[in-house]
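Chemist: return atomic coordinates for the entry below.
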Amino acid sequence: MVYSQTMEDWESAFHQWIEGEEMEASAIENAYNVLSEIADNPINLNQTTKEELEQLPFLTSQQIEEILAYVNRYGVMRSTGELQMLTTFDTEQRHLLQHFVYIGQPKIKKDKFRLDSVFHHSKHQLMMTGKIPLYERKGDKNGYLGPKYQHSLRYQMKYHEKWKLGFTAAQDAGEPFFKNKNSWGYDHYSYYLQIKNLGLIDNLCLGMYRVQLGMGLIMNGGFYLGKLATLQSMGRSAATLRPHSSRSSQGFLQGAAATVHLTKNWTMTSFASYRSLDATLNDDGTARTLLTSSYHRTPSEMNKKNNTHETDLGGSIGFRKGTLFVNANFLYTRFSRSLSPLKTNTPYRRYAAEGNNFFNTSIDYGYNNARLSFSGEIALNKAGAFAVINKLSYRMNACLDIMALHRLYDKKYTAHHARSFSENAAIQNEHGIYVGVNWQPSQKLAIKWYADYAHFPYLRYQVSMPSDAFDTMILLRTLLNKTWSIEGRYRLHIRQKDNENKTFLLNQTEHRARLRLTGNWPIGLTSQTQAEAISVNYKEKSKGWILSQLFSYNWRMLKFAGCFSYYHTDNYASRLYLYEQPMLYEYTSLMLYGHGIRYSFKAHANIGNHLILSAKIGVTNYFDRSSISSSLQEVFASSMTDLFIQLQYKF
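Modeler: This next block holds a predicted model:
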């Protein structure tokens, strides 16, 4: 078999998908929280649906169809060993799938929806998480409105797959608690109610929720995890409607949404939302920039809190017959303040979204069978500018999958909630093609490769003329024996940027290489040794490297994990990323640059049948500086130590 993550550590695979991708932090956090919730409440493969399986971003369209067809044809699975019978899965994907599913007996009769059953037979989860910095920032002494502690509270009540009710309260370090504009306590609250299979209503969400339509050209509050994740799933995307349960205050809608089953082949989704936003204002009261940081630590940041409001009305009507589908989508967005981005000395923002009212429509379509999968979306804004994306994947044989993805985004196209495949982050001013290959020539060797070329017809940030970008990566993973596996990875990323005088373009060339050795022992011990290097050349050359040793050990009701890393980079341009086991629902990616060490230790204990206690301590020690960061975030020391504590109660 070819597998480099333990059964206790799917987060490592998630980190590999998103590392180095230029994605919004809220998108990463959202995706991680969804997977954490599924891992905590796994899917019963003997009684699942296409919509449930589509929540797993690493599954291809063919794999989802094969799971459903297998259960329909052969009846219930008896054990996870039957996953070996699924021919579209490689060994890595089978093991990864087992983090999120289980084999259970299907229920013969559907549960009737009764409130007394909901409240007496539901599963409840209450979780409290805190981060305690054992140091002081400059703003903690003078500048921040609140204490230096980050903490959150999460509650969820779940009744089978029919009913889900919950809320999340979150507070970032430096934000006031029960003070200032946070008179209700926490800085951010998320609350939701989801009901499924209620008569003609397939899915109803009240409160805060997320919507994805088509491939994300007009609305995507779901997954968009970058190029390696695209290769992992062969470019699959799916319309989704689900609650927003994370601590992130970005990417969600607030109000009501429902998917209704009209006939056997027709469904309709509609939603209405009204929510508050933060914005930087111009002197005339218009909004210069919509803010996404969600920090409210200083008087300036607090004054921007909820100073703008957004209304969204949208929906979709779709037809599906077998594996052929087509949907018509629309979205209307209105802001309480007119968007008016500054254009002085910023010609690249000439086609940025302006005004109060925005309207987008699209048609998405697709078809797949055992070998072929095709999908796409065509979108327009109210000015007639367009965006188009199409994806084709083909399974050559049991060992080889190939895919190609083409996108063309007009420089005048704007859609406030659009998130889809791109090199440039924004769904605008881009024409590109992506090709990828998944190849497993033997049971002991797996190879993944992609290449992506993009052309930008108009100006961009730090690019004052039309430009290009090229990105390619190859990953090889092999099993040495029953205990040891080794993985090698190389990525080349070339982006064009202005020279100092903005008279011509220079290539920013980035090389990243990694070698990782993993050992898994039956006694519950896992070891991972990793070496990574980077070289960046733009105006000047910079380089960096990092050596890391990770381990995890399971003993009865206890789990331990640790990490030690030594790194040395020339500057921020040659920064490197490090994976450590996170706290549940609290994913963070460590970015390291300069010269120093990083070490951490995590302990996880099941206390009885209902209580789980987790604690983690992490230390970053710099050898090349006497203070860390700048402005109000400055720490007048060469090291930082953070303590994390999490208490989870299930009943």
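
Chemist: what does the helix ranked longest in the chain contact?
Modeler: Taking DSSP state H as the criterion, the chain has its longest helix at helix 25-40. Around helix 25-40, the neighbours that count as contacts under CB atoms under 8 Å, 6 or more residues apart in numbering are 10-11, 14, 18, 55-57, 99-100, 125, 210, 221-225, 242, 244-251, 292, 419, 582, 584-585, 587, 589. Glycine gets a C-beta too; all of them are placed from N, C-alpha and C.

Chemist: same question for stretch 338-358.
Modeler: By CB under 8 Å, 6+ apart, stretch 338-358 touches 282, 284, 286-290, 331-337, 381-382, 411-412, 414-416, 428-429, 458-461, 463-464.

Chemist: picking that back up, among the contacts of helix 25-40, which are in helices?
Modeler: Those of the contacts of helix 25-40 lying in helices (DSSP H): 10-11, 14, 18.

Chemist: C-terminal to the longest helix of the chain, what's the next element?
Modeler: Scanning forward in sequence from helix 25-40 by DSSP states H and E, the next helix or strand is strand 43-44.

Chemist: beyond that following strand, next helix or strand please.
Modeler: Defined by DSSP H and E, the subsequent element after strand 43-44 is helix 50-53.

Chemist: hmm, who's touching that next one?
Modeler: So helix 50-53 is in contact with 43, 59, 64, 67-68, 161, 203, 238, 240, going by CB under 8 Å, 6+ apart.

Chemist: re earlier: only the buried members of the contacts of helix 25-40: can you turn that into a PyMOL selection?
Modeler: Selecting only the buried entries of those in PyMOL, with 16 or more other CB atoms under 10 Å as the criterion:
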select buried, resi 10+11+14+18+55+56+57+99+100+125+210+221+222+223+224+225+242+244+245+246+247+248+249+250+251+419+582+584+585+587+589
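
Chemist: what is the nearest of the contacts of helix 50-53 to M557?
Modeler: M557 lies nearest to I43 out of the contacts of helix 50-53, by CB to CB, at 24.9 Å.

Chemist: around the closest residue to that closest one other than its chain neighbours, count how many other residues there are.
Modeler: Sequence neighbours aside, V101 is the residue nearest to I43 in space, at 4.8 Å (criterion: CB to CB, 6 or more residues apart in numbering). For V101, the neighbour count with other CB atoms under 10 Å is 22.

Chemist: could you do A561 as well?
Modeler: 21.

Chemist: for V76, what are its contacts?
Modeler: 46, 103, 105-106.

Chemist: all strands for the stretch 301-450 of the chain, in order.
Modeler: 308-321, 324-339, 355-368, 372-381, 386-397, 400-409, 430-442, 445-456 (DSSP state E, counting those that start in this stretch).

Chemist: and the ones you listed: which comes nearest M234?
Modeler: Nearest of those (CB to CB): strand 386-397, 4.1 Å.

Chemist: what about the closest one, distance to the chain center?
Modeler: 22 Å (CA atoms, centre = their mean, to the nearest Å).

Chemist: list the neighbours of that strand that are in contact with it.
Modeler: 60-62, 88, 215, 217, 234-235, 370-380, 401-410, 413, 415, 418, 420-421, 427-428.

Chemist: are any of those buried, and if so which?
Modeler: Counted by 16+ other CB under 10 Å, these give 60-62, 88, 215, 217, 234-235, 373-380, 401-403, 405-410, 413, 415, 418, 420-421, 427-428 as buried.

Chemist: ok, of the contacts of V76, which come out buried?
Modeler: 46, 103.

Chemist: least confident of the contacts of V76?
Modeler: Across the set of those, P106 stands lowest in pLDDT, at 74.

Chemist: spatially nearest residue to that residue, not counting backbone neighbours?
Modeler: Q47 (4.0 Å).

Chemist: from L342, how far out is the residue lying closest to Y461 once chain neighbours are set aside?
Modeler: Spatial nearest neighbour of Y461, chain neighbours left out: Y348 (5.7 Å); criterion: CB to CB, 6+ apart. With distances taken as CB to CB, to the nearest Å, Y348 is found 12 Å from L342.

Chemist: more neighbours: which of the two?
Modeler: Looking at Y348 and L342 with other CB under 10 Å, you find the greater number of neighbours at Y348, namely 16 against 12.

Chemist: what about the protein, any weak spots by pLDDT?
Modeler: In the predicted model of the chain, residues 1-8, 20-26, 107-119, 223-225, 343-345 satisfy pLDDT under 70.

Chemist: do a quick rundown of the helices in it.
Modeler: Going by DSSP H, the chain shows helices at 10-18, 25-40, 50-53, 61-74, 91-97, 115-120, 138-141, 227-232, 299-303.
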